[in-house]
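[1] Return atomic coordinates for the entry below.
(2 chains)
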Amino acid sequence: MNPLLKSILSTGFGYAILRVMTPILLPALGVAISELAGSVNIALEGIMLMAAFFGVIVSAFTGSLFLALLAGIAAGVITGAILAYFHLKLKADIILAAIALNMFASGFTIFMLYLFTGDKGSTSSLKSLVFPEIQIPILKSIPVLGPIFSGHNILTYIALLAVPFFYILVFKTPLGLRIRAVGQNPHAAESVGINVNRIKFYALMLSGLFGAFGGLYLSMGYVSWFSRDMTAGRGFIAIAASTLGGSMPMGMLWSSLLFGFVNSIAIYIASLEIPSELIQMIPYLITIIALAVFSIRVQMKKKKGQEVRELYTEEAVQSVVKDISAADE
Amino acid sequence: MEKFILKYFTLIRTLIAILVGVIISVVLIYIISETPAYALKQFLLGPLLSKSRLANVIENASPIIFCGVAIAIAFQAKQFNIGAEGALFLSAAVGTAFAVSTHMPAFFHIILVLVVAGLTGAIWGWVPGVLKAKWGASELVSSLMMNYVAYFAGLYLINSHFRDKDAGFLVSLRLPETAWLPQLIPGTRLHIGILLSIIFALLGYYFLYHTTSGYEIRTTGNNAKFAKFGGINVVKVVILSQVISGMVAGIGGMTEVMGLHHRFNWQNSPGYGWDGVIVAIIGRNHPILIIFAALFLSYLRVGSQVLNLMADVPSELVAVIQAIIIILITAEAFLSQWKYRITMKQAELKEAGNESIA
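    Okay, here's the model as predicted:
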C-alpha cells in the first residue's frame, strides 16, 4: 500500500489529529467569544504565550500542578483584561492594541525566560510538570476508537468539553445572551440597560480564559517545556478556525479538526520528502474561500431586500428586554 | 505655550509615549544589569559608536520604511490590511525566480524585477481589497490568511524550483549580478535600497496628500459614509488603497533580496510587515514621519543587540518597550484629560478676553 495512505489510515494518525487540534480549538473558542461580543480579540497568540510561560515557571518552582494551572489561567485572563482595559477605557483600537500585546508577550516571555534560566531558547533546564494523560475505561479497550480517542492529555478532553460549554455559555446563560446582544447591536443593548463595556470586558476575559488553556496545553502537554514563541502562529490560525467555523461551537470543532488533519498530514509528508508547503497552504485557502462565500451570501440576501437573520439578533435583544423588565417588576 | 501644546497635541503625545517607553527600559536595565551605567550607555549610544553599527541602523530601516508606507496607505483608508508581510515575502520569492531565470542589461534587469515584484504585491493586496469592498469580508482575516498562503507559496517556489543545491542550507540560486542593487558606501553592506525606500516614502506622501486619489483615500478613511455621499467611489478607493499597499510592500521585499544577500534566504517570515505596523502607528500613518519612526525603531533594535552583546541584558527588552510605546500611542484616552483641561482653560481665557472687550 502507498506509505502515505497507510500512515493516514493508522490509528496513530487519528490520535495525532486530536493532539494537534487542541491548541487550535481552544484559542478559536477564545476568538469566537470576543467576536460574538463585537470586539475581535487577535491577541490570542500573546495570551497563549503568557499562559504557557507562567504555567511552566510556576510548576517548576512550586512543584504544584494546581498552582501552575491557576498561574496559567491568571496570566491568560489578565492579558485579556489588559487588552479590554486599553480598548474600552483608554479607547485604543483593539486590533492595534492586540498587535502590541502579542509583541509584548513575545518579548516579555523571552526576557523573563533569560532572567529565570539564563537561556533564551527554552526552559529545558528547569524541571517542570505536565498535565496527566488519561486512559478512558471501556473506550480504551475498543479497537480503532480506543487508540484514537483514549490516552490523550487531560487538556485535550477539556478542549472537547469546552465546545458544549461554549454552546451553553453563549446560548443558554444570561451572560451569553448579553454578549450576543452587545455584539449584534450595542445601541439596542444599551437602550435596555445593558452595560456594553462591562459585557465586552467579560467577553475579553473569557477569551483570555480559553486562550490560557490552549497555552497551558502547549507547554505542559504537547511538549514539557516552554520555548520562545512556541505558539508559532496558532493564535492567528485560531482566527481562521473561528472564521471558518462561523464562530459557532460545532463549526469551530470541525474547522479545528481540519487544521489538525492538514497539519498532521504535513508532518507525515515531510518525512516522505514531498513538498509539504502546498498541503499546508490548503486550510488558509479554504478559510479565504469560506470567508468570501459567507460574505457574498450575506450580501445577496441584503440585496434581495430580505432581512438578514444574524445569530438571533432580534430574539436576543427582545428576550433581554423581557428579562430586564421582569426583573424590574 | 498652551496653544502650542494644543496645536501639536498628537505629536507631543507620541513623544511622551516614546519617552515613557525609554524610561521604562532605563528602569529595567537598572534592575537587571550588574553594570547598569555601562549597559545603558551601550543601549542608548552603542549604535553611534561604530561605522558598521550606524550602517546597520540605516540598512535595517529600509524594509521597515517600505512596509510602514505600505501599511499606512491601507490604514489611511481605514483598511486593516496587515498583509504587508505576505506581499513582501511572496513578491521577493517571485521576483527572485524571475531574476534568476532572465538575462538582460543591468539597469533594465533591476527595473523589470522590481516591476514583477510590485505586481505580485499588488495582486496580493487586491484580493483582500476586493473581498472587502465588494462583499464586506473582513480584510483583517483575509489578509492574515493571505500571509500564510504567501509564506507557503513562496517557500514552495524557492525550495522546490529555485533552490541552490550546492549551498549548504535552504537558499535560492544567486541572482545574476545585473540584478544586484549598487552599493551605497563601500566597505559596508549599505545599498541603495534605503534611498529607494525614502523615495517611496516621499511618493507615498505626495500620493496621499497631493493627489485626488490620495484625498479620496483619506476621506474614505475618515468617514466612509460621508465619502460616499460626497460622490467618492468607495469601492474603488478601498481596493486601490490595498493594491498600492501590496505593491509597495512587494517592492520593499525585492529590494532586500537584490541589495543585501543577492539571493532569497528567508526560511521564516522576516517580520518586516509587523514592523511596518509599528512604524505606521508611531508615524501616525504619515509617510515622512514613518521614515523617522523606522530609523528610530531600527536604532533601538541595533542598540538592543549591542546591549545583548556587550552587557548582561537580553535584546528582547526592545520588544517590550516598543509594545508599550505603541499601546500608549493608540490609546486615544491617554493624556486626553490633560488636553481637555488645557482646552477648557483656553476657552475660559478667550471668554474672559471677549468680556473685557465688550
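
[2] Tell me where the chain is predicted with low confidence.
    Just so you know, I chose chain A. Residue ranges of chain A with pLDDT under 70: A:1-4, A:270-274, A:305-329.

[3] looking at chain B here, not the other one
    Under the criterion pLDDT under 70, the flagged ranges of chain B are B:355-358.

[4] For it, give the helix that spans the most residues.
    In chain B, assigned by DSSP state H, the helix with the most residues is helix B:106-135.

[5] Can you name the element that comes right after that one?
    Scanning forward in sequence from helix B:106-135 by DSSP states H and E, the next helix or strand is helix B:139-161.

[6] what's next to the strand or helix carrying B:Ile29, contact-wise?
    Assigned by DSSP H and E, B:Ile29 belongs to helix B:9-32. Residues outside helix B:9-32 that contact it (CB atoms under 8 Å, 6 or more residues apart in numbering or on different chains): A:115, B:5, B:36, B:39-40, B:43, B:282, B:284, B:296, B:307, B:312-313, B:317-318, B:320-322, B:324-325, B:328-329, B:334-335, B:339. For every residue, glycine as well, the C-beta is placed using N, CA and C.

[7] hmm, 7 Å instead?
    Residues from elsewhere that reach helix B:9-32 (CB atoms under 7 Å, 6 or more residues apart in numbering or on different chains): A:115, B:5, B:36, B:39-40, B:43, B:282, B:284, B:313, B:317, B:321, B:324-325, B:328-329, B:334-335, B:339.

[8] Show me which residues of the longest helix of chain B are buried.
    For helix B:106-135, the neighbour count (16 or more other CB atoms under 10 Å in any protein chain shown) marks B:109-110, B:112-133, B:135 as buried.

[9] number of nearby residues for the residue lying closest to A:Ser122 once chain neighbours are set aside?
    Among residues not flanking A:Ser122 along the chain, A:Ser227 sits closest, at 3.7 Å (CB to CB, 6 or more residues apart in numbering or on different chains). Using other CB atoms under 10 Å in any protein chain shown, the number of residues around A:Ser227 comes to 21.

[10] Verify the contact between A:Ser227 and A:Lys120 for me.
    No - the pair A:Ser227 / A:Lys120 is not scored as a contact, 9.8 Å apart, by CB atoms under 7 Å.

[11] Next to chain A, which bits of the stretch 201-350 of chain B? Give me the list.
    Residues of the stretch 201-350 of chain B lying close to chain A by CB under 7 Å from any CB of the partner chain are B:277, B:281, B:314, B:316-317, B:319-320, B:322-323, B:326-327, B:330-334.

[12] Could I have the buried ones of those residues as ChimeraX selection syntax?
    Listed next is the ChimeraX selection for buried residues among those, using 16+ other CB under 10 Å:
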select /B:277,281,314,316,317,319,320,322,323,326,327,330,331,334
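
[13] Just say helix, strand or coil for the residue of chain B found nearest chain A.
    Residue of chain B nearest chain A, by CB to the nearest CB: B:Ala319 (2.4 Å). The three-state assignment at B:Ala319 reads helix, by DSSP: H, G, I helix; E, B strand; the rest coil.

[14] nearest residue to it other than its sequence neighbours?
    Spatial nearest neighbour of B:Ala319, excluding adjacent residues (CB to CB, 6+ apart): A:Gly107 at 2.4 Å.

[15] Could you list which residues are in contact with the one you found?
    B:316, B:319-320, B:323 are the contacts of A:Gly107 under CB under 7 Å, 6+ apart.

[16] Which helix or strand contains it?
    A:Gly107 is part of helix A:94-117 when elements are defined by DSSP H and E.

[17] Next, the angle helix B:9-32 makes with that helix.
    Relative orientation of helix A:94-117 and helix B:9-32, computed by axes from the mean of the first three to the mean of the last three CA atoms, to 10 degrees: 10 degrees.

[18] in the stretch 201-329 of chain A, which spans are helices?
    With DSSP state H, counting those that start in this stretch as the criterion, the stretch 201-329 of chain A has helices at A:234-244, A:249-270, A:277-303, A:313-328.

[19] Please identify the most buried of these.
    For those, the largest average neighbour count (mean count of other CB atoms under 10 Å in any protein chain shown) is found in helix A:234-244, namely a mean of 28.

[20] how far out from the middle of the chain is it?
    For helix A:234-244, the distance from its own C-alpha centre to the chain's C-alpha centre is 8 Å (CA atoms, centre = their mean, to the nearest Å).

[21] what's the distance between the residue of chain A found nearest chain B and B:Leu28?
    Closest residue of chain A to chain B, CB to the nearest CB: A:Gly107 (2.4 Å). Separation of A:Gly107 from B:Leu28 (CB to CB, to the nearest Å): 11 Å.

[22] now do B:Ile58
    27 Å.

[23] Mind checking which of these two has more residues around it?
    Shown here are B:Ile58 and B:Leu28; by other CB under 10 Å, B:Ile58 has more neighbours (21 against 16).

[24] that's a helix at that one, yeah?
    Yes - counting by three-state DSSP, B:Ile58 is located in a helix.

[25] correct me, but it touches B:Ile192?
    No - in this structure B:Ile58 lies outside contact range of B:Ile192 using CB under 7 Å: 11.4 Å.

[26] secondary structure class for B:Tyr340?
    When classified by three-state DSSP, B:Tyr340 comes out as helix.

[27] That one: how many residues sit nearby?
    By the criterion of other CB under 10 Å, B:Tyr340 has 10 neighbours.

[28] measure it to B:Leu144 for me?
    Taking CB to CB, one finds B:Tyr340 at 37 Å from B:Leu144.

[29] Spit out the contact partners of residue 151.
    By default, I'm working from chain A. A:133, A:135, A:140.

[30] right idea, wrong chain: chain B
    Counted by CB under 7 Å, 6+ apart, B:Tyr151 has contacts B:86, B:89, B:269.

[31] you'd agree the first one is in a helix?
    Yes - checked against three-state DSSP, B:Gly86 lies within a helix.

[32] Quick one: residues contacting it.
    B:124, B:146-147, B:150-151.

[33] same check, this time on the last one
    Counting by CB under 7 Å, 6+ apart, B:Ser269 makes contact with B:85, B:89, B:151.

[34] correct me, but B:Ile290 touches B:Phe200?
    No - with contact defined as CB under 7 Å, B:Ile290 does not reach B:Phe200; the gap is 10.3 Å.

[35] list residues touching both of these two?
    With CB under 7 Å, 6+ apart as the test, B:Ile290 and B:Phe200 both reach B:Val69.
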